[in-house]
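**Q** Next come a sequence and a model predicted from it.
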Amino acid sequence: MNRPLAIAAAGCVCLAIAAGPLGAAPGDSAPSVLVKLTKLRRSSLPQIVTAYGQVRADSAARLMVMAPLAAVVDRIYVRLGEEVANGAPLVGLGPSPQTAAAYAQARSAVKVADDLVQRTRTMLGQHLATGQDLANTEKSAADARSVLAALVAQGAAGAQILRAPFAAIVTALSASPGAIVAEGAALLELARPNALVLEVGVVPAQAAAIRPGDAANVTGLGARDAAPGKVVLRGAAVDPQTGLLPIEIALSAGFFLPGEMASADIVTAQVTGWVVPHAAILVDRQGSTYLVQAVSGVAKKVAVRVLAADGGQDVVIGPLDPAAPVVLDGNYQLDNGMKLRISSPNGSSAK
């Protein structure tokens with residue numbers, strides 16, 4: 001070996017021996033690690049199931065406006081997504097050719113029936129007809145007037161305008177001007193704006209913990225603030241298309257619009273245990289969770305199980321020492337029995 005290199009190597013060895021083990025403080029015989037501690041406390045956190053879905057009108061708050069009879073769509077006064085007031089015009093209808101013909105026939109039938117009643121009464125006075133004949137003609141006239149009244153009520157007598165029965169949002173349009181629609185054909189759908197629900201899907205294993213009445217925090221797509229909600233329905237059958245169980249969450253009025261995408265944090269229970277910051281939880285090579293406690297200035301690994309998490313805090317259970325603080329910063333480099341140096345609030349270390 002080159003003599004200068006040998007001298008340098010010998011000097012490095014001497015320095016290493018003088019310094020002692022890596023990380024050791026002056027005067028210590030074993031290495032120590034600078035750590036930050038936090039107190040162990042017993043409390044509870046909400047158990048949350050998060051789901052995603054779309055805002056829709058509650059089925060009980062939706063109304064499908066249908067054509068009262070075969071008609072021609074003269075005009076549509078609203079647009080999809082428009083909010084309309086109570087009594088606002090929705091659709092203008094005119095009688096179809098078949099409806100107009102039926103109305104004309106009904107009017108003619110009433111005139112013929114009334115004339116027959118008068119003729120029968122005259123014949124009864126001349127003893128050419130019986131009282132039963134008169135009763136039969138009067139019944140026929142009454143039936144003809146009923147048919148005519150029904151057509152008039154449906155709008156067969158002329159153009160009519162269908163109006164909103166309550167303040168609503170137009171959620172669907174199924175007709176266009178000039179179209180001939182049959183009796184009972186869907187024209188448009190209305191939804192009450194103050195009766196919206198978030199329809200989400202949850203995997204069956206998680207849905208088992210959800211009950212009607214559970215509170216939820218609902219956040220719209222791209223929004224920062226959450227609005228309160230409440231579970232009103234948990235389905236009893238899995239949707240075959242998604243494999244998820246349908247859940248409906250009633251929403252507070254004024255926060256969401258029909259069709260909006262949102263997420264819901266559903267609180268299914270309050271879980272009690274040891275509450276620690278999430279940063280204190282570590283995972284070993286076997287995938288098991290643990291944390292490190294400071295017991296008499298020495299590190300001690302303790303296996304724990306995480307029961308719930310919320311807002312950077314975890315609820316855990318395990319054989320923890322209630323009097324020993326939990327290592328927060330520097331815990332990843334600790335092993336059982338390693339000495340600890342506690343970080344003071346001003347950033348310096350303290351023994």
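**A** Looks like it came in fine. Owing to the predicted nature of the structure, the values given are computational and were not obtained by experimental measurement. Numbers count the residues shown, from 1 in each chain.

**Q** measure Leu90 to Glu183 for me?
**A** 17 Å (C-beta to C-beta, to the nearest Å). To be clear about C-beta, it is placed using only N, CA and C from the backbone, and glycine gets the same treatment.

**Q** Name the spans of this protein whose pLDDT lies under the cut-off.
**A** Applying pLDDT under 70 to the chain picks out residues 1-31, 344-351.

**Q** Closest to the centroid, which residue in it?
**A** For the chain, Leu198 is the residue whose C-alpha lies nearest the centre (C-alpha atoms, centre = their mean; 3.0 Å).

**Q** check contacts around the nearest residue to it once chain neighbours are set aside.
**A** Spatial nearest neighbour of Leu198, chain neighbours left out: Ile249 (4.4 Å); criterion: C-beta to C-beta, 6 or more residues apart in numbering. Contact analysis of Ile249 by C-beta atoms under 8 Å, 6 or more residues apart in numbering lists Val197, Leu198, Val200, Ala216, Val218, Gly229, Lys230, Val231, Val232, Ala264, Ile266.

**Q** Can you tell me which of those are classed as buried?
**A** Val197, Leu198, Val200, Ala216, Val218, Gly229, Lys230, Val231, Ala264, Ile266 (16 or more other C-beta atoms under 10 Å).

**Q** What's the separation between the first one and Pro240?
**A** In this structure, Val197 and Pro240 are separated by 22 Å, where distance is defined by C-beta to C-beta.

**Q** which phi and psi does the residue sitting furthest away from the middle of the chain have?
**A** Centroid-distance maximum for the chain: Gln126 at 78.8 Å, with C-alpha atoms, centre = their mean. Phi and psi for Gln126, reported as degrees, to the nearest 10, are phi -90, psi 10.

**Q** in the stretch 201-350 of the chain, which spans are helices?
**A** Using DSSP state H, counting those that start in this stretch, the helices found in the stretch 201-350 of the chain span residues 204-207.

**Q** Please enumerate the strands of it.
**A** Under the criterion DSSP state E, counting those that start in this stretch, strands of the stretch 201-350 of the chain are mapped to 215-220, 227-234, 245-251, 261-277, 282-283, 289-295, 298-303, 305-310, 313-317, 326-329, 339-343, 349-350.

**Q** Deepest-packed of these, please.
**A** strand 245-251 (a mean of 23; mean count of other C-beta atoms under 10 Å).

**Q** Give the pairing partners of that one; include direction for each.
**A** strand 196-202 (antiparallel), strand 227-234 (antiparallel) (DSSP bridges).

**Q** As TSV, those strands with distance to Ile48 would be great.
**A** TSV is the format used below for the strands paired with strand 245-251 (distance: least, C-beta to C-beta, whole Å):
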stretch	distance to Ile48
strand 196-202	12
strand 227-234	13
